[in-house]
Each structure stands twice: as C-alpha cells, then as structure tokens.
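Visitor: One predicted model, sequence on top.
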Amino acid sequence: MTLLCVPLTSSSVEQMCEDARRARAAGADIVELRLDYLHSIEPDELSRLLAETAPAIVTCRTNREGGQFGGASSDRIALLAAACKHGPSLVDLEYEDWRSSAEIRDQLGSAIAEPLRLILSFHDFSGRPSRLLNIVRSMADTHGCDVVKIVWQARNICDNFEAFEILRAASRPTIALCMGEAGIPSRVLAKKFGAFLTFCSLRAGAESAPGQISIEKMKRLYRWNVIDSDAAVYGVVACPVAHSMSPAMHNAAFGELGLNAVYLPMRVEPSYEHFADFVRGCLERPWLDVRGLSVTIPHKLNALKFVGSNVEPLAQKIGAVNTLILENGRARGMNTDYAGALDALTEALQCERSDLRGERVAVIGAGGAGRAIVAGLRDCGSAVSIYNRTLSKAEALAGEFDCQALPLSSASRCEADIVINTTSLGMHPDVDQTPLPTEALRPAMTVFDTVYNPIETRLLREASQAGCKTINGVSMLVNQAVIQFETWTGQPAPRERMRQVLIERLSEQTDD
Ligand code: NAP
C-alpha cells in the first residue's frame, strides 16, 4: 500500500500537533515532522510531539538540503537521535550525511532500533542528478537502509518516466518523485507503481516542495482511494496547464462510472521535440497505461504533425488535433473542438447536423476556435461569413473553406440566423467587452459565445435581453470533453455531472 504522507512545517509544537490531527482527518496515513521548521524544542516537548503525531517520520533538513535548520551538524544529529528515542515510525536522513560521516552512523545507528526504520534520501533541487541510477542503487545497497528516497526537480515531463522505472525496478521500498508542475504525474501515479509513499500538502499554499498537491485534491480530484496498479492514465498536454478545467471534468466522469482511471495535468514545454518525446515515451511504455490525451495550447499543431496520416480528415483540414487516442503503440488524432461546438448548436436548436445545411452563420473571429468551427459548419453545408478584426486572416480562412470574409466593424449589419463569437472579447477579466453592438441583435437570432469564463458574457446577456436564443461556451467545452471521454472509454459520458463540475470550478475561479 502506498502511504499518503503530509509534511508538517509549522514553527511550534502546538501547531504541529494540531496540523497532524487535521492531516489525519483529511486522510493522511502518516505525517512527516520537519523538525527544522520548529523555532525551538525542549526534550519534554519532543516526547509530546512524537506521542501526539504518531505514526510519523522525523527529519531535520539543513538549508543545503532545502530545509530550515541553520545550526551545527552535531546539534541536528543530536536532535534526530533524541527524537528517535520517542518512537517515530521512520527517520529520514540525507544519504550523503549517512555515507560520509561515521560519527553520524554511530550516533543515529545506535538510536535506530526496531521497529524504527531508516529512510535514506537524496534531493536535487536543480534538476536530475547526473548519477541518478547509481545513487539509487548505492542507497538501496547501504546497510541499514529500509526505504530509498530520491527526489529531483523535473527538467521536463519525461523525467517522470525515470521515476516510474525506478519504482518498477526497486528491490526495497522506494520513494521516487519529481518536483515542479511537470512532476505532478510522479506524485499521483506513485500509487500505480507501488511507491512506499507520496507527499501531499495539508492545504494549498502549505507545500514543502514545488509541485506538491494538497491532500484534499489528491483524494477528491485525483481519485487516490480508487486507483490502483491497473489504473488507466489520461491527461491534458499543455503549457501552462494549471488553469485547465479538463482534469475536473474527466476525473468526475471516471468517478461517476466507477472506472479505475485517472486524468492528470501534463505540462509539456512548447517545442515539437518536447511534445514528440513525451508522446513517444508514453507509447514506448505500454505498462504506463496512457490511453488518451487532450491536447491544447500550444500543442495542437504539434499533435497533428506527430500523428501524420493517422488523423480524422476534418482535423487534418482544420490543421489542429486536440485529442490523441493511444492504442497498440500508435497515436491517432482527432479534433473534438468543432464537434463540441456543433453538438452545442444542435442540442440548443434541437436539430441534427444535417439541418444546419444552408443556415446563415456569422462566425466572429478567425483564430484557432474560429477555424475549427468554420470547418465544422462548412462540413455541414452552412453558409458562413467570417468577421475578424484582422481582415486578412478572415480572408485567408474564407478562401480555404469557401465562405465570405468581412471586417469586424461590419458585424453590426450581419443578417445571419446564427452568430458565433470565437474571439476572446468578453472573456474574464475584460467582461465589459462584446464583439457585437446591441442593435445587431434580433429576436430570431441564435447567439453562441464560445467564451466560457464568465459563463454569461456581456454578449449573451444582451442577446438574451433582445429575445435571442443563447448558447454558452460551457456547452461547447463539455461537449468536446464528452466526445473525448466516449472515444477513449467506449462508454456513455455522464454529461450532466461533467457540466456541473465545470460550472463549480468556474464559479470557484470567479470567486478568487
Ligand atoms: P486565437 O487563435 O488567439 O484567436 C483569437 C481571435 O480573437 C482572433 O480572431 C483575434 O482577432 C480575436 N481577437 C482577440 N482580441 C481581440 C480584440 N481585442 N478585438 C477583436 N478581436 C480580437 O484564440 P482561440 O484559441 O481561437 O480562442 C478564442 C476564444 O475561443 C477564447 O476566448 C476561448 O475562450 C474560446 N474557446 C472556447 C472553447 C470552448 O470549448 N468553449 C474552445 C476553444 C476556444 P485577430 O485575428 O484580429 O487577432
């Protein structure tokens, strides 16, 4: 069983005891007492701390090791040795100290008695240590070492692969984690690969290392209690990735259907090489069980290039892939943005895609979203006019898909049945902006805004007041995720649950 461990970093014994209670209530299996964070500690307080927080790991890190202890090395070892006498479950010491100092081995070695166990750890806050595998092997071979711990700052997402390989090859209980946003997979999938433990912060903002996830998020969002070694892995490839709503939607959907699967944020640096290395890395490691990836900014073109001819024809025409299906060592590409938008339209209009033939649609914007929607509508046979601030971009797009191009300034005179905003006008925080003046809005129009934050944009509010039918961006976002989910799992997606989770997340963001 992989333990969930919460490091406690408060400066007083009182607060550490309180935090240990909170960690336990939140579902922690064990706490790590960071003695280096305590301002001072008397011997009787040490016994109380250990008694009230058990089971616990004790450690005391110096500044060099990413900790707060600035005193003499002998004082640090004496403190750890004293703590060991009060029966923590484990004591964590830097491998370098253990290896290089016979005095430390003598002093601590005699304090460590059954059932207390020793974690030998190695941290590198600057990147992957050059002798990574040698270090792991040496720690594992060290007499007295019960648990090997290796933690390094991820240079990029591919470092996670090595953490998993270390866990898979481990001859004794091991912790292998990558720090930073790119290292999040190593923290969550520690359970899938049988790590001794993974660390979680007590709450957001209380992280003791970069990239640490709060225990609440680990349990609720990343499904800690449910996933096991057979868990299927999905994720969203983006840079940056923290803002993505997709983990919330897909993980809630897995939960609703009781699937052994987890969906993670996957930060992949912007270049094609980084993208290709990562996806190739997933394909070459079938034991990772990566079955599907959502792809967003800045990787949609990279994904298209990567899949080559193994792509849905319309995605090829749009020139962007936002969904990868990984099967039998190959990646197949799709675009669910256009399909999500078409589904949002047909749902609201209660019609089939074929009913969109001949409809007059004004698409405002000629960027990525505009392009996907124009391609989808033209595929259905709609008569599309593209309005854009930069007319040349509208003209180029119109030329490709055989439609009309107009300057944004003339949108107020548009005669369309359906108006779709694909620009970012009206998006948080510039919520007072709108791409269309009120005089352009007629009751017979359907107005669709792809902007989903806020859910009701100024455009939608004014369209609703003018008596138009309105469609919000949430609808498109949920629909495109539904298509991804159903493609990957072959099961009907719990659409309403996904919508509800998305709306909750959006309102949390707006409250921030
Ligand atoms: P993009 O490729 O950067 O395109 C941006 C578009 O907005 C361009 O047409 C640009 O015009 C126009 N624009 C930007 N600022 C403007 C301004 N101040 N005045 C007039 N036009 C302006 O971005 P994108 O990926 O297409 O995304 C655009 C919007 O679509 C975003 O707000 C996003 O929220 C939304 N979206 C929603 C979903 C969904 O599922 N609901 C999915 C994807 C995107 P120029 O060509 O003149 O620069």
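Guide: Perfect, thanks for sending it. Small disclaimer: the values here were computed from a predicted structure and weren't measured. Numbering: from 1, shown residues only.

Visitor: What backbone torsions are found at the residue of the stretch 351-500 of the chain found nearest the ligand?
Guide: The stretch 351-500 of the chain approaches the ligand most closely through Gly367 (1.8 Å), counting by CB to the nearest ligand atom. Any C-beta I mention is one placed from the backbone N, CA and C, and that applies to glycine too. Dihedral angles of Gly367 (phi, psi; degrees, to the nearest 10) stand at phi -90, psi -150.

Visitor: The nearest residue to it once chain neighbours are set aside: how many residues sit nearby?
Guide: Spatial nearest neighbour of Gly367, chain neighbours left out: Thr422 (6.7 Å); criterion: CB to CB, 6 or more residues apart in numbering. Using other CB atoms under 10 Å, Thr422 has 29 neighbouring residues.

Visitor: what pLDDT does Thr422 get?
Guide: pLDDT recorded at Thr422 is 98.

Visitor: Surely it is in contact with Thr450?
Guide: Yes. Counting by CB atoms under 8 Å, Thr422 does reach Thr450; the two are 5.1 Å apart.

Visitor: Touching both of those two, which residues are there?
Guide: Shared contacts of Thr422 and Thr450, defined by CB atoms under 8 Å, 6 or more residues apart in numbering, are found at Ala369, Ile373.

Visitor: returning to what we had before: gap between the residue nearest to Gly367 and Leu377?
Guide: Between Thr422 and Leu377 the computed distance is 11 Å (CB to CB, to the nearest Å).

Visitor: Need the residues touching each of the two.
Guide: Going by CB under 8 Å, 6+ apart, residues that sit against Thr422 and also against Leu377 are Val363.

Visitor: same for the worst-scoring helix or strand of the chain on mean pLDDT, what does it pack against?
Guide: Across the helices and strands of the chain, mean pLDDT, DSSP states H and E gives its lowest value to helix 102-111, namely a mean of 86. Applying 3 or more CB pairs under 8 Å, 6 or more residues apart in numbering; DSSP states H and E, one finds that helix 102-111 contacts helix 73-84, strand 90-94, helix 95-100.

Visitor: For the residue of the stretch 351-500 of the chain closest to the ligand, which residues are in contact?
Guide: Lys393, Thr422, Thr423 are the contacts of Gly367 under CB under 8 Å, 6+ apart.

Visitor: is the ligand contacted by the helix or strand hosting Tyr234?
Guide: Take DSSP states H and E as the rule and Tyr234 turns out to sit in strand 232-238. No. Counting by CB under 6 Å from any ligand atom, the ligand has no neighbours in strand 232-238; the shortest distance is 12.2 Å.

Visitor: So what are the sheet partners of that strand and their directions?
Guide: strand 261-267 (parallel), strand 290-295 (parallel) (DSSP bridges).

Visitor: from the middle of its chain, how far away would the first one be?
Guide: If I follow you right, that is strand 261-267. Centroid separation between strand 261-267 and its chain, computed with CA atoms, centre = their mean, to the nearest Å, is 5 Å.

Visitor: Contacts for that strand, please.
Guide: 157, 181-182, 184-185, 188-189, 222-223, 227, 231-242, 244, 246-247, 250-251, 254, 278, 291, 293, 489.

Visitor: Now do that strand, average pLDDT.
Guide: 98.

Visitor: Who are the contact partners of the closest residue to Ala466 other than its chain neighbours?
Guide: Among residues not flanking Ala466 along the chain, Leu441 sits closest, at 3.8 Å (CB to CB, 6+ apart). Contact partners of Leu441, counting by CB under 8 Å, 6+ apart, are Val447, Glu462, Ala463, Ala466, Cys468.

Visitor: With that, I have no additional questions.
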